[in-house]
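# Fold the following and give me the result.
(one chain, ligands or ions: 1)
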Amino acid sequence: MVMRHIGITTNSARGFMSNDNWQTPQWLFNSLNEEFNFTVDLCASHYNHKCDRFYSETNSLLTVDPVALRSDICFMNPPYSRNLIKPCIEKAWQIAQNASVVCLLKVDTSTRWWSIFWDYENHMPKHGCKIRFFPKRVKFDPPPNVNGKSGPAFPTCVVIMDRRDKPTLKQTHGVE
Ligand SMILES: C[S@@+](CC[C@H](N)C(=O)[O-])C[C@H]1O[C@@H](n2cnc3c(N)ncnc32)[C@H](O)[C@@H]1O
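From the prediction side, this is the model:
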């Protein structure tokens, strides 16, 4: 009983968050890719990239000029280390000024990074952002060095960022 309790504790969401390499389950990526048709994976490695074009620790997303991804359709499941998660989401928000970025994120409104795309004053996503919630928890696939079939599940959401100015109905159809 005690052992089981210890096991659960060490395998908690905190432990999960300290590992940057948990992978998006293929079924979920396929489903999003069918809808969005991604051109680049913003956070990946040679063994887990979901698109042929990808950024990684050696080709860091954090050093990319956001304008270089103009018109791309980007997928991002970011690393969750404290020093990486917020800069990655900030970069995604910058890229979304000229492109679409679809992020798979933990639902955690208590973090500083959540306010990058959430308007707390008006209680809604910021302009250019939509959020989809899942009815169930998503189980992520473990990195190669971790045993087990799937990671601890926690509430996950899809954050869709696209801050490009869209033509209004008035511009396209003359509708007020
Ligand atoms: C949560 S995993 C996602 C992997 C894969 N894209 C997926 O969805 O299954 C995050 C990945 O980001 C990579 N990463 C770490 N630092 C990065 C950086 N500065 N720029 C881009 N990718 C980075 C990690 O090596 C890891 O492979």
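# doesn't residue 56 fall inside a strand?
No - with DSSP: H, G, I helix; E, B strand; the rest coil as the criterion, residue 56 is coil rather than part of a strand.
# For it, grab the count of nearby residues.
Residue neighbour count, defined by other CB atoms under 10 Å, stands at 15 for residue 56. Every C-beta, even on glycine, is put in place using the N, C-alpha and C of the backbone.
# again with residue 62
Residue 62 - counted by other CB under 10 Å - has 12 other residues nearby.
# That one: what's its closest spatial neighbour, skipping adjacent residues?
residue 87 (5.4 Å; CB to CB, 6 or more residues apart in numbering).
# Am I right that the one you found sits in a helix?
Yes - counting by three-state DSSP, residue 87 is part of a helix.
# Number the chain from 51, please
Understood, numbering begins at 51; the last thing we discussed is residue 137.
# I'd assumed residue 114 was in contact with it.
No - at 11.4 Å, residue 137 does not count as touching residue 114 under the criterion of CB atoms under 8 Å.
# if we can go back for a sec, gap between the residue nearest to residue 112 and residue 125?
From residue 137 across to residue 125, the span is 18 Å (CB to CB, to the nearest Å).
# more neighbours, these two?
Set residue 137 next to residue 125 and count neighbours by other CB under 10 Å: residue 125 wins out with 26 against 14.
# list the contacts for that one?
By CB atoms under 8 Å, 6 or more residues apart in numbering, the contact set of residue 125 is 79, 82, 83, 86, 88, 90, 91, 92, 100, 101, 152, 154.
# Contacts only, for residue 87.
Counting by CB under 8 Å, 6+ apart, residue 87 touches residue 123.
# Then residue 186?
By CB under 8 Å, 6+ apart, the contact list for residue 186 is empty.
# go with 10 Å
Counting by CB atoms under 10 Å, 6 or more residues apart in numbering, residue 186 touches 203, 205, 206.
# Tell me what the spatially closest residue to residue 184 that is not a sequence neighbour is bridged to.
Among residues not flanking residue 184 along the chain, residue 206 sits closest, at 5.9 Å (CB to CB, 6+ apart). Assessed by DSSP bridges, residue 206 has beta-bridge partners residue 156.
# Just want to check the distance between residue 206 and residue 93.
Shown here: residue 206 relative to residue 93, a distance of 15 Å by CB to CB.
# if you count what's nearby, which of these two comes out ahead?
For residue 206 versus residue 93, the count of surrounding residues by other CB under 10 Å is larger for residue 93: 29 against 20.
# and that one, which of the three is it?
On the three-state scheme (three-state DSSP), residue 93 is labelled coil.
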